[in-house]
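Chemist: Give me a 3D structure for the following:
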Amino acid sequence: MSEPTTSIADLRKSYERAELNEEASQADPLQQFDQWLKEAIAAKVPEPNAMTLATVAGNGRPSTRVVLVKGYDARGIVWYTNYDSRKGRELAANAFAALQFHWVELERVVRIEGVVEKVSAEESDAYFHSRPLDSRIGAWASPQSEVISGRSVLVANAAKYGAKFLLQPPRPPHWGGYRLQPDNWQFWQGRKSRLHDRLRYTLQDGGGWLRERLAP
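Modeler: Model prediction:
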């Protein structure tokens with residue numbers, strides 16, 4: 001293997017695009033998130049709705065993967081997946097999870113923590129039927145997180161379920177939505193000299209949010 005021309009330890013970037021202060025930030029973290037997500041979409045950053053989901057198995061072992069946010073409101077942050085997948089099994093054992101958005105081009109990170117529940121069957125049905133046909137067939141074809149002998153298994157399953165359901169595949173019973181109900185948000189804005197801006201919002205017993213600045 002050839003030696004890299006630049007050491008990883010020497011890779012550095014100075015963050016100087018923006019700032020985040022208490023006076024200009026929203027008092028409600030959901031409004032701050034909505035503002036930043038819309039700015040990420042307007043800036044045409046790649047996959048602005050992509051977020052890392054962290055879960056913990058019953059034995060305490062953590063795992064992460066990237067999923068796509070498909071909705072958010074005062075009730076929480078929603079995504080859809082296979083309930084029998086590794087993340088589904090881990091959420092069944094431990095309902096607490098964490099999310100992270102990283103908009104590299106804007107030098108911003110949002111971290112969200114809370115408890116997770118399944119969305120209603122009606123919500124899952126509505127979203128499932130809004131998906132493209134090949135994605136709906138794919139939800140049937142993939143035994144997510146299970147070992148398979150090769151890609152041919154997926155192709156054969158897709159052909160089987162495509163022939164079975166034609167243009168009207170129902171939502172699989174093992175597929176649907178989750179909603180994380182936040183009790184802790186963090187907003188991180190990169191700043192020069194590694195003196196980054198970092199605001200944390202913590203849910204209070206009365207339902208309001210405590211906003212505090214954390215050292216970077």
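Chemist: so where do the helices sit in the protein?
Modeler: For the chain, the helices defined by DSSP state H cover 29-42, 86-93, 121-128, 133-141, 151-165.
Chemist: Which elements pack onto the first one?
Modeler: Helices and strands touching helix 29-42, as assessed by 3 or more Cβ pairs under 8 Å, 6 or more residues apart in numbering; DSSP states H and E, comprise strand 71-73, strand 96-103, strand 108-118, strand 175-189. Bear in mind the C-beta positions are built from the backbone N, C-alpha and C, glycine included.
Chemist: Buried ones in the first one, by neighbour count?
Modeler: Spelled out, it's strand 71-73. Tyr72 (16 or more other Cβ atoms under 10 Å).
Chemist: Then the last one?
Modeler: For strand 175-189, the neighbour count (16+ other Cβ under 10 Å) marks Trp175, Gly176, Gly177, Tyr178, Arg179, Leu180, Pro182, Trp185, Gln186, Phe187, Trp188, Gln189 as buried.
Chemist: between those residues, which is closest to Asp28?
Modeler: Within those, proximity to Asp28 (Cβ to Cβ) peaks at Trp185, which comes in at 9.7 Å.
Chemist: tell me the domain ranges of the chain?
Modeler: 16-129+173-213, 133-170 (automatic domain parsing).
Chemist: Quick one: end-to-end length of the longest one, please.
Modeler: End-to-end distance of domain 16-129+173-213 (Cα to Cα, to the nearest Å): 19 Å.
Chemist: Report the contact partners of Gly76.
Modeler: By Cβ atoms under 8 Å, 6 or more residues apart in numbering, the contact set of Gly76 is Gly114, Arg179, Leu180, Gln181, Pro182.
Chemist: go again using 6 Å as the cut-off
Modeler: Counting by Cβ atoms under 6 Å, 6 or more residues apart in numbering, Gly76 touches Arg179, Leu180, Gln181.
Chemist: gap between it and Lys70?
Modeler: 12 Å (Cβ to Cβ, to the nearest Å).
Chemist: between the two, what contacts are shared?
Modeler: Common contacts of Gly76 and Lys70 (Cβ under 6 Å, 6+ apart): none found.
Chemist: The most centrally placed residue in the chain and Val66, how far apart?
Modeler: Central residue of the chain (Cα atoms, centre = their mean): Met51, 3.1 Å from the mean position. Note on Met51: its distance to Val66, by Cβ to Cβ, is 7 Å.
Chemist: anything in contact with each of these two?
Modeler: Here Met51 and Val66 share no contacting residue, scored by Cβ under 6 Å, 6+ apart.
Chemist: got the contact list for the closest residue to Phe187 other than its chain neighbours?
Modeler: With sequence-adjacent residues excluded and distances taken as Cβ to Cβ, 6 or more residues apart in numbering, Phe187 is closest to Leu199, at 4.9 Å. Leu199 makes contact with Ser25, Phe187, Arg213, according to Cβ under 6 Å, 6+ apart.
Chemist: which residues touch the last one?
Modeler: Shown in contact with Arg213 (Cβ under 6 Å, 6+ apart): Leu199.
Chemist: returning to what we had before: for the domains of the chain, which one ends up most surrounded?
Modeler: domain 16-129+173-213 (a mean of 16; mean count of other Cβ atoms under 10 Å).
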